[in-house]
Structure formats: structure tokens, C-alpha cells
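Trainee: need a structure here:
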Amino acid sequence: MSLHRLERIQKLPISLEEAWNFFSSPANLQAITPEYMGFKVLTSLPPKMYAGQIIEYKVSPVLNIPLHWVTEITHVEAPVFFIDEQRFGPYAFWHHQHHFLPINGGVQMKDIVHYKLPLGPLGDIAHELFVKKQLEEIFEFRFKILEEKFGKMPD
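Mentor: Numbers count the residues shown, from 1 in each chain. Sure thing, here's the model as predicted:
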């Protein structure tokens, strides 16, 4: 029953404010999630994210079987970071940090996800067989979509 960590960094040629406005809105999650996941926000969303906010989703990560996922926005320090944590859903544990740092010519975004699968040793086997790869693919998809939307940082 392992706790796993996924970390991704992406630099985009946009302002800190533009990055915060886009990423702090759960309404934009569907656009940066692969279509095969069947991701849909079920909650009516207020104009601004806030600590304590509960968000419900439908997601179909395996064999197109729909799952109900509920997260809570537990911490918000605009425009520096926010954290969402799963309350109900496919993981035994899900803690996702979103960090934003202004850099020369744009913003650096860092995602840090700690997660654990249910079912003990079976969850660990599922992680090695497909969950780890699927999460990596989701973040690779996001990376590509965000570069298409906002552009690439010059080398």
C-alpha cells in the first residue's frame, strides 16, 4: 500500500494573473483532460475558488465505467498556490498541490500530486500495470494542450 508522488513543471509565456485565472477555475479542467476520461464537472461553480469549496465530477478512467469524484479545495493563497484533496472517489488518498511562480517572460507552474490507490497490494499492482502510466499521460496531455493554448516559452 504505497503512497505515490507525481511532480510536473511547466513554463508558459503568460502572466501570473492569467495563469491563476485559468487554473484556479475548475470550469477549465475539462478542456485540459483527455476526452477518453469522460471528465465532467457536476457542481455549479462560483466565480472564484475558495477554501472549503466542494466540487463534484464524473470521470470514467477505466473501461468507460463512470465514477463519482468529490474534491475539496482545502487551501488557497491567490495567486501563489491552491490545494485540492479528494473526499470521495477512485483513490484511497489524493492530495494535489498547484504552485505558480512568476519567472522571466512568463510563469512556472508546478503540480505535486501525492496519491494512494485502494485495495492494498492489488492497488499497487494496478498502479504498476496502468494507473501510473495513465496519470503520466493525463499530465502530458495537459502540457501539450496548454502549450497550444498559451504558447511555448522560448529556449
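
Trainee: contacts and neighbour counts: CA atoms only from here.
Mentor: OK.

Trainee: so where do the strands sit in this structure?
Mentor: Taking DSSP state E as the test, the strands found in the chain are 4-12, 40-41, 54-59, 67-77, 81-88, 93-103, 106-116.

Trainee: now these as TSV including mean pLDDT, distance to Leu146 and mean neighbour count?
Mentor: Listed next are these as TSV, based on pLDDT from 0 to 100; distance: least, Cα to Cα, whole Å; neighbours: other Cα atoms under 10 Å:
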stretch	mean pLDDT	distance to Leu146	mean neighbour count
strand 4-12	97	8	16
strand 40-41	92	19	18
strand 54-59	94	21	19
strand 67-77	96	22	17
strand 81-88	97	18	20
strand 93-103	98	14	18
strand 106-116	97	11	19
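
Trainee: what's the closest of the ones you listed to Lys149?
Mentor: Proximity to Lys149 (Cα to Cα) singles out strand 4-12 among the strands of the chain, at 9.8 Å.

Trainee: Adjacent strands (with direction) for that closest one?
Mentor: strand 106-116 (antiparallel) (DSSP bridges).

Trainee: Using CSV, write out every CA atom in the partner strand.
Mentor: Extracted C-alpha coordinates of strand 106-116, given in CSV (Å, rounded to 0.1, in the frame of the first residue of the first chain):
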residue,chain,number,x,y,z
GLY,A,106,6.1,34.1,-18.0
VAL,A,107,5.1,31.8,-15.2
GLN,A,108,6.3,28.4,-13.9
MET,A,109,3.5,26.1,-12.8
LYS,A,110,4.3,23.1,-10.6
ASP,A,111,1.9,20.3,-9.9
ILE,A,112,2.7,17.9,-7.0
VAL,A,113,0.3,15.0,-6.5
HIS,A,114,0.5,12.5,-3.7
TYR,A,115,-1.9,9.6,-4.1
LYS,A,116,-2.6,6.1,-2.9
